[in-house]
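Student: quick one, structure for this:
(one chain, ligands or ions: 1)
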Amino acid sequence: MNIIFALIDCNSFYASCERIFRPDLKNKPVVILSNNDGCVVALTKEAKELGVRRGSPYFKIEKSILDKLSVFSSNYSLYGDISHRVMNILSEFSPEMEIYSIDEAFLELAGMDIDRTEYAKTIRAKVMKDTGIPVSVGIAGTKTLAKLANNIAKKYPKCEGVLDLTTVKDIDACLEKVPVEDVWGIGRLNTIKLTRKNIKTAKDLKNMPDGWIKTNMGGVTGLRTVLELRGQPCIDMDSVAEPKKSIVSSRSFGERVADLNGLKEAVTGYISNAAAKLRQQNSLASALSVFIYTDRFKDDEPQYNGSMTYKLPYPTSSSLELTEYGLNLLERIYKKGFRYKKAGVLLDGIVPAGSVQYNLFTPDRFDPAVDNVLDSINKKWGDNTLFIASAGIKKKWSMRREFVSPHYTTDWNELLKIKI
Ligand SMILES: [Mg+2]
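Tutor: Numbers count the residues shown, from 1 in each chain. Model (predicted):
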């Protein structure tokens with residue numbers, strides 16, 4: 001079966017959130033600062049044109065430039081709330097939505113009888129009208145190509161924010177326009193390697209031989225990216241190893257969940273998953289959101305969606321600590337009498353682990369040894385060998401996977417048995 005993904009990505013998301021309430025800042029340079037106003041974490045293209053870069057320390061920005069900038073401290077509760085509103089609108093446009101980060105989601109569009117470019121324009125207009133956030137839409141047969149289409153849609157005003165690659169005859173001409181470092185999952189280290197080899201654009205990368213990619217770009221992971229550029233879908237989003245500015249962990253349930261306990265189990269699991277990713281990239285989160293959705297394609301059922309963001313007292317990556325806050329948020333947004341289809345968590349305000357200073361008044365934190373044990377056991381024996389008890393044991397809500405093949409290589413109970 002054909003798959004077609006639309007990637008919807010908000011333009012300069014944090015800055016756009018600030019602009020909702022400050023329309024006078026439209027087309028003006030805006031920057032957002034990290035915790036304690038340390039560094040630039042987000043900026044508009046106008047600010048980029050002045051020479052400001054993501055990651056620049058605030059105090060190092062020259063006075064002459066500073067005078068032209070509108071500067072905001074990060075407001076994670078606002079961004080979390082606006083994100084939820086945007087995602088809620090997007091969920092109207094396809095029964096299959098994967099929220100990928102605070103400001104990006106994939107919609108599955110295959111099998112829908114629509115003019116996709118027109119549909120994408122409707123999505124843009126609806127999000128703009130209801131939230132004031134500008135978005136771009138990239139459409140293609142693989143997620144990597146959808147990302148790339150989005151990148152082009154953003155850069156070239158001619159596209160008016162939408163590019164459907166499935167209607168483009170000469171895809172190579174598009175790939176040629178995209179620098180290799182902008183390809184999803186390539187990252188900085190790979191870029192250095194690739195540039196040395198004179199591989200500069202997505203097109204150059206696509207044409208490299210499989211063997212070379214495997215040896216030089218992290219084996220199968222690199223190869224998947226290249227296959228996707230060639231139009232062969234093979235990426236499960238969890239497997240894209242790029243350091244993220246926000247981390248989302250969310251799934252649709254196999255069966256609808258109505259009771260709070262079922263949701264608690266799911267949310268605990270998602271938090272553990274997101275926190276482990278956070279620790280893997282050696283960073284901490286400054287804010288945590290939890291969200292729950294009913295199935296809006298079930299017209300005959302009552303609909304509700306809830307979300308709440310908590311700005312953490314200090315950045316952390318502790319599974320136990322995040323679980324405690326997360327379950328608290330869930331209790332506050334949960335409403336009885338609805339059948340939920342999806343839940344998820346979002347970690348935002350992600351900063352490098354070494355960059356945070358705690359002070360005398362920082363309350364006692366959970367012992368990082370607990371997380372070290374969690375990570376090392378799960379690394380050795382497989383995901384979720386050791387887990388937090390509130391994640392539940394039976395997991396009735398778990399993803400529907402009736403046709404999955406046995407986990408021959410990752411589960412002791414499913415090892416291949418041979419009779420001799
Ligand atoms: Mg964005």
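Student: which residues sit in contact with the closest residue to the ion within the stretch 51-200 of the chain?
Tutor: Among the residues of the stretch 51-200 of the chain, Asp103 lies closest to the ion, at 4.3 Å counting by C-beta to the ion. Quick note: C-beta positions are derived from backbone N, CA and C, even for glycine. By C-beta atoms under 8 Å, 6 or more residues apart in numbering, the residues touching Asp103 are Asp9, Cys10, Phe13, Ser83, Val86, Ser246.
Student: if we go to 10 Å?
Tutor: Contact analysis of Asp103 by C-beta atoms under 10 Å, 6 or more residues apart in numbering lists 8-14, 16-17, 42, 79, 82-83, 86-87, 133, 135, 245-246.
Student: would you map the helices across this protein?
Tutor: Remark: helices assigned in the chain by DSSP state H are 13-21, 45-49, 63-66, 76-90, 116-131, 143-155, 171-175, 187-196, 202-206, 210-216, 220-229, 260-280, 319-333, 368-381.
Student: which residues of this protein lie near the ion?
Tutor: Within the chain, the positions adjacent to the ion are Asp9, Cys10, Phe13, Asp103 by C-beta under 5 Å from the ion.
Student: quick check: chain neighbours aside, which residue is closest to the second one?
Tutor: So that's Cys10. Asp103 (3.8 Å; C-beta to C-beta, 6 or more residues apart in numbering).
Student: distance-wise, check the one you found relative to Asp348.
Tutor: 10 Å (C-beta to C-beta, to the nearest Å).
Student: shared neighbours of these two, which are they?
Tutor: Common contacts of Asp103 and Asp348 (C-beta under 10 Å, 6+ apart): Tyr14, Tyr79, Ser83, Lys245, Ser246.
Student: can I get the residues you listed in TSV with distance to Val127, pLDDT and neighbour count?
Tutor: Listed next are these as TSV, based on distance: C-beta to C-beta, whole Å; pLDDT from 0 to 100; neighbours: other C-beta atoms under 10 Å:
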residue	distance to Val127	pLDDT	neighbour count
Tyr14	16	95	28
Tyr79	15	94	27
Ser83	11	96	29
Lys245	20	80	19
Ser246	18	88	23
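Student: quick one on the thing from earlier: measure the residue nearest to Cys10 to Lys126 for me?
Tutor: Per C-beta to C-beta, Asp103 is found 16 Å from Lys126.
Student: you'd agree Ala343 is up against Ala266?
Tutor: Yes: using C-beta atoms under 10 Å, Ala343 is in contact with Ala266, at 5.0 Å.
Student: any common contacting residues for these two?
Tutor: Shared contacts of Ala343 and Ala266, defined by C-beta under 10 Å, 6+ apart, are found at Ser249, Ser250, Arg251, Phe253, Val257, Ile292, Leu330, Trp397.
Student: got those residues as TSV, with neighbour count and pLDDT columns?
Tutor: Listed next are the shared contacts of Ala343 and Ala266 as TSV, based on neighbours: other C-beta atoms under 10 Å; pLDDT from 0 to 100:
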residue	neighbour count	pLDDT
Ser249	22	93
Ser250	23	92
Arg251	16	87
Phe253	21	89
Val257	22	93
Ile292	24	96
Leu330	23	97
Trp397	24	60
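Student: in strands, which of those appear?
Tutor: Judged by DSSP state E, the shared contacts of Ala343 and Ala266 include Ser249, Ser250, Arg251, Phe253, Val257, Ile292 as members of strands.
Student: for Gly211, list the residues it contacts.
Tutor: Contacts of Gly211 (C-beta under 10 Å, 6+ apart): Leu223.
Student: do the same with Lys177
Tutor: Counting by C-beta under 10 Å, 6+ apart, Lys177 has contacts Leu148, Asn151, Ile152, Lys155, Tyr156, Thr201, Ala202, Lys203.
Student: want to throw the shared contacts of Ala343 and Ala266 into TSV with distance to Lys63?
Tutor: Output for the shared contacts of Ala343 and Ala266, formatted as TSV (distance: C-beta to C-beta, whole Å):
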residue	distance to Lys63
Ser249	42
Ser250	43
Arg251	49
Phe253	54
Val257	55
Ile292	47
Leu330	46
Trp397	55
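Student: and the two most separated of the residues you listed?
Tutor: Distances among the shared contacts of Ala343 and Ala266 were taken as C-beta to C-beta; the most separated pair is Ser249 and Val257, at 16.2 Å.
Student: quick one: the residue lying closest to Leu278 once chain neighbours are set aside and the ion, what's the gap?
Tutor: Leaving aside its sequence neighbours, Leu278 sits nearest to Ser317 (C-beta to C-beta, 6+ apart; 4.5 Å). Note on Ser317: its distance to the ion, by C-beta to the ion, to the nearest Å, is 23 Å.
Student: wait, Ser317 sits on Leu284?
Tutor: Yes: using C-beta under 10 Å, Ser317 is in contact with Leu284, at 5.0 Å.
Student: perfect, that will be all.
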